[in-house]
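> The sequence and its predicted three-dimensional model are supplied below.
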Amino acid sequence: MRSILQALDANMMADAFGIPADLAKKMQREDDRGFIVKVLRESIRMIIPTERKEWRRRESSDNGMEEIYCNMKIHHFLDNPMEADVFSKQTGHLNFVNMFKLPILQYISMSIEKGNLKLGVSFGPHWSVNAHTVVYVTRGRGRTQIVSDEGKTIFDKNVKSGDVFVIPQYFASIHRAGNNGAEWVAFKTSPSAMRSPMTSPFEFNTKPEPYVPYRRN
């Protein structure tokens, strides 16, 4: 059985992990003993939000009924950067809405993700632990690669606004934004979907190369 890493594109994987391409290729070699990568402390780079605005609570005259209406909530604004679960001024943000934020989702077994990536940003390799995912690209374009749990590449194409694709449970995926960035909405078949990342969610190249549409030979 092949490793998931073997099926991913070496250059995209290098960007996601922040390592040289030749090291990424070494990690893809078949070796029953495994592969250990030593990371120098000074080479580790993490993206941390530089600023956060404080929430302002609306003044209201509570009378005890608000809690009941809150439990009946069926509406949520998904694209608020200040409510993002993952946020960076330089790279973009991810918003997750599950049954804890919107209780009605528990009854329809669904959760939702809204993503926004800027130019030069990769959404690192990850897979969904307990849900299938339907992704709809709402703006921009980029390249998406999906790898099965058996280490086979099942999807490696450019996607653009209006495209829809499915990522099955346990299948790993990696995404790279195009020249104008990329945005998407993902619907997951679990009210509390969990994502397992292989690296930090966003990787940003401080000197991004121009986006070139990918063509398989």
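Received, thanks.

> what about N158, how many residues close to it?
N158 has 16 neighbours, counted by other Cβ atoms under 10 Å. Any C-beta I mention is one placed from the backbone N, CA and C, and that applies to glycine too.

> That one sits in which helix or strand?
In the assignment (DSSP states H and E), N158 maps to strand 153-160.

> now do the same end-to-end measure for stretch 92-101.
21 Å (Cα to Cα, to the nearest Å).

> Buried residues of stretch 23-32, list them for me.
24, 27-28 (16 or more other Cβ atoms under 10 Å).

> Quick check: L119 vs N179, distance?
L119 is 6 Å from N179, where distance means Cβ to Cβ, to the nearest Å.

> Same check on S111?
From S111 to N179 the distance is 30 Å (Cβ to Cβ).

> So between the two, which is more surrounded?
A direct count of neighbours by other Cβ under 10 Å for S111 and N179 places S111 higher, at 26 against 14.

> who's the more buried one bridged to?
Judged by DSSP bridges, the bridge partners of S111 are K188.

> List the residues that contact it.
By Cβ atoms under 8 Å, 6 or more residues apart in numbering, the residues touching S111 are 96-99, 105, 131, 187-188, 190-193.

> wait, which of the buried residues of stretch 23-32 is closest to D79?
Lowest distance from D79 to those (Cβ to Cβ) belongs to A24, with 33.2 Å.

> Tell me the spatial nearest neighbour of that closest one, not counting adjacent residues.
Once flanking residues are discounted, A24 sits nearest to A14: 4.1 Å by Cβ to Cβ, 6 or more residues apart in numbering.

> Just give me the residue closest to the centre of this protein.
The residue lying closest to the centre of the chain (Cα atoms, centre = their mean) is F123, at 4.8 Å.

> I appreciate the help and will end here.
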